[in-house]
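Q: Next come a sequence and a model predicted from it.
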Amino acid sequence: MKKINAAIIGCGSIFPVHADAIKGLEQVQLRVVCDIVEEKARLAAQKYDCSYTTDYIDILKNPDIQAVHLCTPHFLHAPMAKELMQAGKHVLTEKPMGLNLNECNELIEISRATGCSLGVCMQNRYHTTSLVMKELIESGRMGGVLGARAFVTWERTRDYYQKSPWRGTWAKEGGSLLMNQAIHTLDLLVWLLGDVEAIKGTIANHSFSEIIETEDTTEAIMQFRSGARALFYASNAYVSNAPVYLEVICEQGSMVQNGELTVSWKDGNTEVFEDVPPTEHKTYWGTGHKNLIRDFHDCLARGVPFPANGIEGAKAISIIEKLYQKHLVSR
């Protein structure tokens, strides 16, 4: 099988997760990395034995590169993905795929028109515990889904925002808590419960109003087309990065994902499933990235559609945009 030549644009905190995952794939070779800070690019290239550049246009024009991973700040995802696909490159972008639904829809259309794969890093779908929940629901073993609740309580400090001025801005991050952290749990709710029919909620900035213009806290109630209802709460103002709590109540029992997955059946039986903890990266990231990246390149090699595509990636953005709508109109 001919190897896929890959590139990574952006050598920040998430870069090693992508680079390490590629390194472990026989059918993929990391050929070049890119960052506007030359020292970052040079050190990354040295560690992963590849070339580097400080200008992504070099990758855009390189005919030997078939797939590009985007690990850049949010506001660069959509314009870079657009150019790369128009240049014939397959793209795997970090979330969010765009700052709004219009950008997402444009990327989906470009992917269709060019035939280039557009993947979005919604890696929580690839955690072992998430896959078990999905299988139990789709198989019908749990019966119909009645409802769910989800809580994301993480810690982000003033330093986190001040070191990266693009964070905490509407123009460049596109939001904050919802667009950057809680988006993964919203995506899991949609993936497990189906399309959202209606959502009501609020956003607030309780702890960082002096340094960011976006939200650090949100609450919402979601009504799904299936009839299920979900409660959602998230905040970046906690004192630690606590495990995400996700509970799904079904006709035949319940499932609680809270660092591990506990399945409680109506007959009294209980099953516990665990995710394999990451050994090199942040514990609360899990191992979903590695599994997602492997699947993305496997799908490319086999010429089949990648499940976490642009259409799927846009679903969480649609929900977030509704939660932001009232606030953005008032601005």
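A: Arrived safely.
Q: drop to CA atoms for contacts and neighbour counts, all remaining ones
A: Fine.
Q: ok, which stretches of the stretch 101-250 of the chain are strands?
A: Counting by DSSP state E, counting those that start in this stretch, one finds strands in the stretch 101-250 of the chain at the ranges 118-120, 145-153, 196-204, 217-224, 229-235, 245-250.
Q: Just the residues contacting the shortest one, thanks.
A: It refers to strand 118-120. Under the contact criterion CA atoms under 8 Å, 6 or more residues apart in numbering, strand 118-120 has outside partners 90-97, 107-108, 111, 296, 306, 308-310, 313.
Q: Likewise for the fourth one?
A: Among residues not part of strand 217-224, those counted as contacts by CA under 8 Å, 6+ apart are 177-178, 193-206, 229-237.
Q: So how do I select the buried members of those in ChimeraX?
A: Burial among the contacts of strand 217-224 is assessed by 16 or more other CA atoms under 10 Å; the matching ChimeraX selection reads:
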select :177,178,193,196,199,201,202,203,205,229,230,231,232,233,234,235,236,237
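Q: Contact partners for the residue nearest the centre of the chain?
A: For the chain, Met122 is the residue whose C-alpha lies nearest the centre (CA atoms, centre = their mean; 3.3 Å). By CA under 8 Å, 6+ apart, Met122 lies in contact with 94-95, 184, 187, 308, 313.
Q: give me that answer again for 10 Å
A: By CA atoms under 10 Å, 6 or more residues apart in numbering, the contact list for Met122 reads 93-96, 183-185, 187-188, 288-289, 292, 308-309, 312-313, 316.
Q: Just those residues: which are in helices?
A: 183-185, 187-188, 288-289, 292, 312-313, 316 (DSSP state H).
Q: Turn the residues you listed into TSV, including neighbour count, distance to Lys163 and pLDDT.
A: Output for those, formatted as TSV (neighbours: other CA atoms under 10 Å; distance: CA to CA, whole Å; pLDDT from 0 to 100):
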residue	neighbour count	distance to Lys163	pLDDT
Ile183	24	22	98
His184	20	23	97
Thr185	23	26	98
Asp187	23	28	98
Leu188	20	30	98
Gly288	21	27	90
His289	21	25	93
Leu292	26	29	97
Glu312	17	31	98
Gly313	25	28	97
Ala316	27	27	97
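Q: Many thanks, I have nothing further to ask.
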